[in-house]
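K.L.:
I would like the atomic coordinates for the input below:
(2 chains)
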Amino acid sequence: MKRSSFHQAAILTVTAVLFSTPVLRAQATRSGVQQFDPLAFPGSVVDDVVVPVPSEVFSVLDKLGEPNWRQELRKLDLPKTADRTKLALMFGMVVAEGFVAVQAEDKDEVKDIGREVINLSTALGLIKSVRPHAQAILDAADKEDWRSIRKEFDQTQKTVRDTMEQMKDLDLSQCVSMGGWLRGTASVTSVVSKNFSADRAELLNQPMLVEHFIGTIGKMGSSMKEHAIVSDISKGLTGILAKMEGAVDGFTKDSVRDIGKTCDSLLSSIKAGK
Amino acid sequence: MHFSTHPIRLGIALFAAAILVFSTTLSHATVDDAHGFAMEAAMPFVEQGFIVREDYWNGEVKSAQKLMIKHQMFKGNEYAFWLGSANEGVKFELKVYDDKGKEISIDSKSSSMFASIRVNPPKTGTYTIVFSLTSKTEVGLYWALAYGYR
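P.N.:
Reported below is the predicted structural model:
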């Protein structure tokens, strides 16, 4: 019996050690344990794509002129829904709207958006992890601390995506990124269209990101991929990619307007009540 | 059910369990530590007005293996990339190339725990970041790559 018990203890310990190794490996693999292939220059590829936040583009637009960011703010008017795909897309969209509000230095709008962040994260069941960021946004808005608000919007989006990924909702996490990119790009096209120049229009040269989103949708589970709005986004992005790839000599005013129309149409679908 | 309490056997089991707990804790810490060192590299840049992105890349890599990341950058912004490792005495290589394969990174700096570079992208588009970490003592190295812009 004693021998057997020792064996049990030993087996438990060895099993625990063995189990711990894949857990560690899995974590590293998710982040990317890389095996270098000497035949493929210049090394192995890290597939993860970091999607820029809208303020990365907005900051360039500010340097190229003084856009009227208040004109770019859109009423949120979000429908009540239990559709998690729509909620995730709306979440990304609202955070992007937050970046527009920061650019406009509109304290009240930032606070409204902060409250909408709370509503959406509650509907998504993520309020516990989001509340500290949402509160920080509201507090920083009172102080008009725009730099901190930008940081908090970025952190909010990352927290939501990380939490979704921990809950194995990888597809939803991608929807957050897509919703944000669509809203950010709609703003950029609107600003560029109002005061067109080749330098401003060049900011739309983002084919790698669009390909990434199209590829991401392609890898989604069938129920997500067949979701009406996700399917529409896939088609819309394919059209946007064609415009970007066709802009060999730079974007025309029409192509900028077309990309904007596609983004606006998809954002309207996301916000539609159905 | 009776469980053996033979002191030597119990000691072995406890020792193994302690190693397990310690190794698990250490391994989790190292991934975060790599990011921590990348953020340490970012500090002087923040003082110069760079905004640090919350998203970053991380993982584990064999010593001296090259890794490649595609990243979107916008002409008009200045970017800084910070590569951190949790392992001491690492030699870093960190470069950014344009779509023609021309190196565009400037102002490369490194210490024993992190490296940094700056980039003024000449065009808006996709750029390639290539980096490696080399250690004389470690086979696998935890890394994190973060960036900021202004």
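K.L.:
quick one: the residue nearest to residue B:89 when sequence neighbours are not counted from residue B:90, how far?
P.N.:
For residue B:89, ignoring the flanking residues on the chain, the nearest one in space by Cβ to Cβ, 6 or more residues apart in numbering or on different chains is residue B:112 at 5.7 Å. Just so you know, the C-beta spots here come from the backbone N, C-alpha and C atoms, and that holds for glycine as well. Distance, residue B:112 to residue B:90, by Cβ to Cβ, to the nearest Å: 7 Å.
K.L.:
for residue A:58, same thing?
P.N.:
36 Å.
K.L.:
Residue B:112 and residue B:90: who's more crowded?
P.N.:
residue B:90 (26 against 12; other Cβ atoms under 10 Å in any protein chain shown).
K.L.:
Just the pLDDT for that one.
P.N.:
Residue B:90 is assigned 94 on the pLDDT scale.
K.L.:
give me every residue that touches it.
P.N.:
Residue B:90 is in contact with B:112-113, B:133-135, B:138, B:141, counting by Cβ atoms under 8 Å, 6 or more residues apart in numbering or on different chains.
K.L.:
mind giving me TSV with these and columns for secondary structure?
P.N.:
Converted to TSV, the contacts of residue B:90 look like this (DSSP: H, G, I helix; E, B strand; the rest coil):
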residue	secondary structure
B:112	coil
B:113	coil
B:133	strand
B:134	strand
B:135	coil
B:138	coil
B:141	strand
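K.L.:
Just the buried ones from these, in PyMOL syntax?
P.N.:
Of the contacts of residue B:90, the buried ones go into a single PyMOL selection, burial set by 16 or more other Cβ atoms under 10 Å in any protein chain shown:
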select buried, chain B and resi 113+133+135+138+141
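K.L.:
for the chain, what spans make up the strands?
P.N.:
No chain was given, so I picked chain A. For chain A, strands defined by DSSP state E occupy the ranges A:44-45.
K.L.:
actually it's chain B I care about, not the one you picked
P.N.:
Ranges of strands in chain B, per DSSP E, are B:51-52, B:57-62, B:66-73, B:79-85, B:91-97, B:105-110, B:114-119, B:125-134, B:140-149.
K.L.:
how much space is there between residue A:206 and residue A:259?
P.N.:
10 Å.
K.L.:
what touches both of the two?
P.N.:
Both residue A:206 and residue A:259 are in contact with A:185, A:244, where contact means Cβ under 8 Å, 6+ apart.
K.L.:
ok, residue 68 - how many residues close by?
P.N.:
Using chain A here. 12.
K.L.:
other chain: chain B
P.N.:
Neighbour tally, residue B:68, other Cβ under 10 Å: 17.
K.L.:
residues in contact with it?
P.N.:
So residue B:68 contacts A:42-46, B:128-130 (Cβ under 8 Å, 6+ apart).
K.L.:
Apply 7 Å and report the result again.
P.N.:
Under the criterion of Cβ atoms under 7 Å, 6 or more residues apart in numbering or on different chains, the neighbours of residue B:68 are A:42-43, A:45-46, B:128, B:130.
K.L.:
And it, how far from residue A:127?
P.N.:
Noted for residue B:68: a distance of 38 Å to residue A:127, by Cβ to Cβ.
K.L.:
Over to residue B:62?
P.N.:
41 Å.
K.L.:
Pick out whichever of these two has more residues nearby.
P.N.:
A direct count of neighbours by other Cβ under 10 Å for residue B:62 and residue A:127 places residue B:62 higher, at 18 against 15.
K.L.:
Could you list the low-confidence segments of chain B?
P.N.:
B:1-29 (pLDDT under 70).
K.L.:
Please repeat the previous calculation with a cut-off of 80.
P.N.:
Within chain B, the segments meeting pLDDT under 80 span B:1-31.
K.L.:
for chain A, same thing?
P.N.:
Short version for chain A, where the test is pLDDT under 80: A:1-43, A:273-274.
K.L.:
Nearest residue to the middle of chain A?
P.N.:
The residue lying closest to the centre of chain A (Cα atoms, centre = their mean) is residue A:177, at 1.7 Å.
K.L.:
Quick check, it in contact with residue A:51.
P.N.:
Yes - here residue A:177 reaches residue A:51: they are 4.9 Å apart, a contact under Cβ atoms under 7 Å.
K.L.:
For burial, what's the neighbour tally of residue A:88?
P.N.:
As a burial measure, residue A:88 scores 28 neighbours (other Cβ under 10 Å).
K.L.:
Leaving out chain neighbours, which residue sits closest to it?
P.N.:
residue A:175 (3.8 Å).
K.L.:
hang on, isn't that neighbour packed against residue A:90?
P.N.:
No - using Cβ under 7 Å, residue A:175 is not in contact with residue A:90, being 9.2 Å away.
K.L.:
dump the residue contacts of residue 138.
P.N.:
No chain was given, so I picked chain A. A:111, A:114.
K.L.:
my bad, the chain I had in mind was chain B
P.N.:
So residue B:138 contacts B:63, B:87 (Cβ under 7 Å, 6+ apart).
K.L.:
Please state the backbone phi and psi of it?
P.N.:
Taking degrees, to the nearest 10, you get phi -100, psi 140 for the backbone angles of residue B:138.
K.L.:
For the residue of chain B found nearest chain A, which non-adjacent residue is spatially closest?
P.N.:
Nearest to chain A in chain B, going by Cβ to the nearest Cβ, is residue B:66, at a distance of 2.9 Å. Leaving aside its chain neighbours, residue B:66 sits nearest to residue A:43 (2.9 Å; criterion: Cβ to Cβ, 6+ apart).
K.L.:
residues near that neighbour, how many?
P.N.:
19.
K.L.:
distance of it from residue B:128?
P.N.:
Residue A:43 sits 10 Å away from residue B:128, going by Cβ to Cβ.
K.L.:
how about stretch A:159-174, does it reach chain B?
P.N.:
No - Stretch A:159-174 is not in contact with chain B by Cβ under 7 Å from any Cβ of the partner chain; minimum separation 8.4 Å.
K.L.:
what's in contact with that stretch?
P.N.:
Outside stretch A:159-174, the residues within contact range by Cβ under 7 Å, 6+ apart are A:84-85, A:88, A:91, A:121, A:126, A:129-130, A:133, A:176, A:216, A:220-221, A:224.
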